[in-house]
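K.L.:
Prediction below, plus the sequence it came from.
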There are 2 protein chains.
Amino acid sequence: MTPRAAAGGPLAPSEPQLSAVDGLAQLSFVVYRMLERRAAEQDLSIIQTRLLGILRDRRPTMNELAKLLVLDKSSTSGLVERAERRGLVTRSPSPTDGRAVLVSLTGDGRSLLAGAAIRFEADAAALLEHLPRTERRVLSRLISRVLVAHAAERGIDLFPTFEID
Amino acid sequence: MTPRAAAGGPLAPSEPQLSAVDGLAQLSFVVYRMLERRAAEQDLSIIQTRLLGILRDRRPTMNELAKLLVLDKSSTSGLVERAERRGLVTRSPSPTDGRAVLVSLTGDGRSLLAGAAIRFEADAAALLEHLPRTERRVLSRLISRVLVAHAAERGIDLFPTFEID
DNA sequence: TATTGTTATACTCTATAACTATA
DNA sequence: TATAGTTATAGAGTATAACAATA
């Protein structure tokens, strides 16, 4: 990676094209920051956004949440506590396990998430529209293939025939 | 973005390919985490790594640093203070402006940065090697074109003929 | 007066360790 | 005893506001 790519700033190599590695790194930063900015517009951090995103179609226990977010359970407690204080999520006792707590999204949480998601999608679409339609499709397919292969390497099937959970 | 893409986890749409937006978001997360992991192996955060990356070929003032990192000057003070305490950077008075401070990389800082960069480059290369060489080149070129167009939109030329600075 | 940088303060995010309550 | 979750504590990272020193 060139120094400037590492800094996330503009590049000035002598070739008229970024190296594959620099391109990947730069693209990652650009997209990550789009997400960060759109989340911030709703006063959400990336981790808060991911929390809400997980809750959009699930109602996990604190423990499951910690695993999904790859966080310590104490970090998850704090994260959920702050989100609950803002009225974005609620905690309720599990009916089947007296120790467990179920976390779910409130209407306010859902609205905030939807706002961020819609704006981010527009950003991502605008970024891709720099390419003509045909090449956009090629890019999309190649990215998909890379991700599928990368996931498969880790024993994850991105497209299981049935929902397994 | 689908709920699962927002969560950064595996996806299960019914089509055998990710949507363009989901692919972009997923790819961004995957690459960002590679960088995060490799930096962490050197006990560096992403922001510390970016700091060192900027210093690899520059010796900016605190003020310039704050602008490059898009951080408040007070945040930059703290960031540099912690890096200096670890012996990764040094602060010295500017010879031309009695108020200014110049920040530069130490040998230790350079080594740490190099270690993270080399490992990250290997990760990125491995990710791309999931595609045959020809398609890898196509992907690389398309990503480059998207980034160049995106930068141009913001008045930035990714490939200026001369170093301007 | 304006600019450069640091410091005080406050909040988010994270982990480790110690704790409570339930299984 | 083991598991689920919270709390205490500590540190990184961030911003705002107040400040000191220099231009």
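P.N.:
Great, that's in hand.

K.L.:
residues from chain A in reach of DNA strand C?
P.N.:
A:45, A:47-48, A:70-72, A:74-75, A:78-79, A:82, A:97-99 (CB under 7 Å from any atom of the strand). All C-beta spots, glycine's among them, are computed from the backbone N, C-alpha and C.

K.L.:
What is the strand or helix carrying A:Ala25 packed up against?
P.N.:
Take DSSP states H and E as the rule and A:Ala25 turns out to sit in helix A:20-41. If you count contacts as 3 or more CB pairs under 8 Å, 6 or more residues apart in numbering or on different chains; DSSP states H and E, helix A:20-41 packs onto helix A:3-7, helix A:46-55, helix A:107-128, helix B:20-40, helix B:107-128, helix B:133-153.

K.L.:
Okay, now the unreliable bits of chain A?
P.N.:
A:1-15, A:160-165 (pLDDT under 70).

K.L.:
Pick out the residue closest to the middle of chain A.
P.N.:
Central residue of chain A (CA atoms, centre = their mean): A:Arg50, 5.7 Å from the mean position.

K.L.:
thinking that one is in contact with A:Leu65, fair?
P.N.:
No: assessed by CB atoms under 8 Å, A:Arg50 is found out of contact with A:Leu65, at 10.3 Å.

K.L.:
Pull the contacting residues for A:Glu135.
P.N.:
B:142, B:145 (CB atoms under 8 Å, 6 or more residues apart in numbering or on different chains).

K.L.:
What of A:Leu128?
P.N.:
A:Leu128 touches A:136, A:139-140, B:20-21, B:24, B:146, counting by CB under 8 Å, 6+ apart.

K.L.:
Verify the stated contact: A:Ser45 with A:Ala39.
P.N.:
Yes: using CB under 8 Å, A:Ser45 is in contact with A:Ala39, at 6.5 Å.

K.L.:
which one is A:Gly109 nearest to, not counting chain neighbours?
P.N.:
Leaving out its chain neighbours, the residue that sits closest to A:Gly109 by CB to CB, 6 or more residues apart in numbering or on different chains is A:Leu88, at 3.6 Å.

K.L.:
I figured the one you found hits A:Thr106, correct?
P.N.:
Yes: here A:Leu88 reaches A:Thr106: they are 6.0 Å apart, a contact under CB under 8 Å.

K.L.:
Counting neighbours, what do you get for the closest residue to A:Ala124 other than its chain neighbours?
P.N.:
Nearest in space to A:Ala124, with sequence neighbours left out and distances taken as CB to CB, 6+ apart, is B:Val21 at 4.4 Å. For B:Val21, the count of nearby residues is 22 (other CB atoms under 10 Å in any protein chain shown).
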